[in-house]
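# Dropping a prediction and its sequence here:
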Amino acid sequence: MLSARDRAYALLGLTGAAGGEVWGYAGRTLSGAATAPDSPVWLRLVSDPAGKEGGKLWEGPKEAEQLAPPAVPRPRLIDLRDWSADGWAYRAELYEYVSTPPVSRSPVLRHGVELPDTWWHDLRHALDHLSHTPTSREAVREQYIRRRVPEFTGVTPGEITCTTAHGDLHWANLTGPKLTLIDWEGWGTAPVGYDAANLYLHSLPVPDLAERVRKEFAHVLDAPAGRVGELTACTEILQAAARVPFYAELADGVRQHLERHRAAPAAESHPRGRGRP
């Protein structure tokens, strides 16, 4: 990956910049600041075994640049280059530089954070605009929900209503105090409330912040349609806990939340329950 990054520098006319390396899961991606002739930029390098590149994750950032509405603040994709070497396929994505840092270096927030009211307003606004974006991409498949949600939560989903979602909404993918949504690899359709539920669950170690998320997104999390989105987010974290250390640490809090969730009246049985006018 380091050699491929040097190749990307040459292809795109870049030089390296101070600021360190940001590695993705299992070393599949490598990102970091770089310098173009006229401005700082951000380079993201993706790798897959040759012949297996392509698909949802590979194409996600490019399709987000083409389809996501301007009202969703995100780094704009400036250039893109593909090549293969030594049995691997590489894609270099060049983005405009975002000077505001992520709220957290880890997806799970473990410390208090002060975000202005305008940040929360902008996030609600962005996710609402995104939810109406037409796409054939799927962030979460219905087959997965039908099979895995009962296995990990003990709840059998009823009707599933989907909207378009970021698909990986946590604190390392949100900047602050000025909002930008980063990492568009997995965006697509997901159950209503899925993004908000993910942000809530990744906030559980900081109860005051988790409560703020719950309040800001009550219109989806407390609506009947949002129940499946929340169960799906819980399921994914519990399933990932066996291989991802920070999810293993979060799992007990998710299970406790599920106990409260299961104790609540089923949305299907209470059509005038919370979140409905």
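Nice, thanks for sending it over.

# residue ranges of the strands in the stretch 151-277 of the chain, please?
Along the stretch 151-277 of the chain, the segments classed as strands by DSSP state E, counting those that start in this stretch run 162-165, 188-191.

# Would you tell me which one of those is buried the most?
strand 188-191 (a mean of 25; mean count of other C-beta atoms under 10 Å). All C-beta spots, glycine's among them, are computed from the backbone N, C-alpha and C.

# what's the closest non-adjacent residue to residue 107?
Leaving aside its chain neighbours, residue 107 sits nearest to residue 170 (3.8 Å; criterion: C-beta to C-beta, 6 or more residues apart in numbering).

# For residue 250, see how far away that neighbour is.
With distances taken as C-beta to C-beta, to the nearest Å, residue 170 is found 11 Å from residue 250.

# same thing with residue 48?
28 Å.

# higher neighbour count, those two?
Using other C-beta atoms under 10 Å as the criterion, residue 48 and residue 250 rank with residue 250 on top: 22 against 17.

# Who are the contact partners of that one?
Taking C-beta atoms under 8 Å, 6 or more residues apart in numbering as the contact definition, residue 250 lies against 108, 201-202, 204-205, 237, 241.

# Narrow those to those in helices?
201, 237 (DSSP state H).

# Please pick the buried ones from the contacts of residue 250.
108, 201-202, 204, 237, 241 (16 or more other C-beta atoms under 10 Å).

# For residue 185, state which of those residues is nearest.
Distance to residue 185 across the buried ones among the contacts of residue 250 (C-beta to C-beta) is lowest for residue 202, with 17.0 Å.

# Excluding sequence neighbours, find me the nearest residue to residue 229.
Nearest non-adjacent residue to residue 229 (C-beta to C-beta, 6+ apart): residue 193, at 3.2 Å.

# Could you report the neighbour count for that neighbour?
28.

# Was I right to think it contacts residue 231?
No - using C-beta atoms under 8 Å as the test, residue 193 is too far from residue 231 to be in contact (9.5 Å).

# Which secondary structure element of this structure has the lowest mean pLDDT?
Here the helix or strand of the chain ranked lowest by mean pLDDT, DSSP states H and E is strand 15-16, holding a mean of 88.

# and after that one, which helix or strand comes next?
strand 22-23 (DSSP states H and E).

# Identify the neighbouring strands of that next one in the sheet and state each direction.
According to DSSP bridges, strand 22-23 forms sheet pairs with strand 29-35 (antiparallel).

# Buried residues of stretch 194-211, list them for me.
194-204, 206, 209-210.

# And residue 241, what's its pLDDT?
With respect to pLDDT, residue 241 scores 96.

# Tell me if I'm right that it and residue 253 touch.
No - using C-beta under 8 Å, residue 241 makes no contact with residue 253, being 11.0 Å away.

# For the stretch 1-150 of the chain, which segments count as strands?
Along the stretch 1-150 of the chain, counting by DSSP E, counting those that start in this stretch, strands occupy 15-16, 22-23, 29-35, 40-49, 77-85, 88-96.

# With distance to residue 161 added, can I get those strands in JSON lines?
Shown next, in JSON lines, are the strands of the stretch 1-150 of the chain (distance: least, C-beta to C-beta, whole Å):
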{"stretch": "strand 15-16", "distance to residue 161": "46"}
{"stretch": "strand 22-23", "distance to residue 161": "35"}
{"stretch": "strand 29-35", "distance to residue 161": "32"}
{"stretch": "strand 40-49", "distance to residue 161": "32"}
{"stretch": "strand 77-85", "distance to residue 161": "30"}
{"stretch": "strand 88-96", "distance to residue 161": "32"}
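
# what's the most distant pair in the contacts of residue 250?
205 and 241 (14.6 Å).

# Stretch 237-245 spans what distance, first to last residue?
Distance across stretch 237-245, first residue to last, is 11 Å (C-alpha to C-alpha, to the nearest Å).
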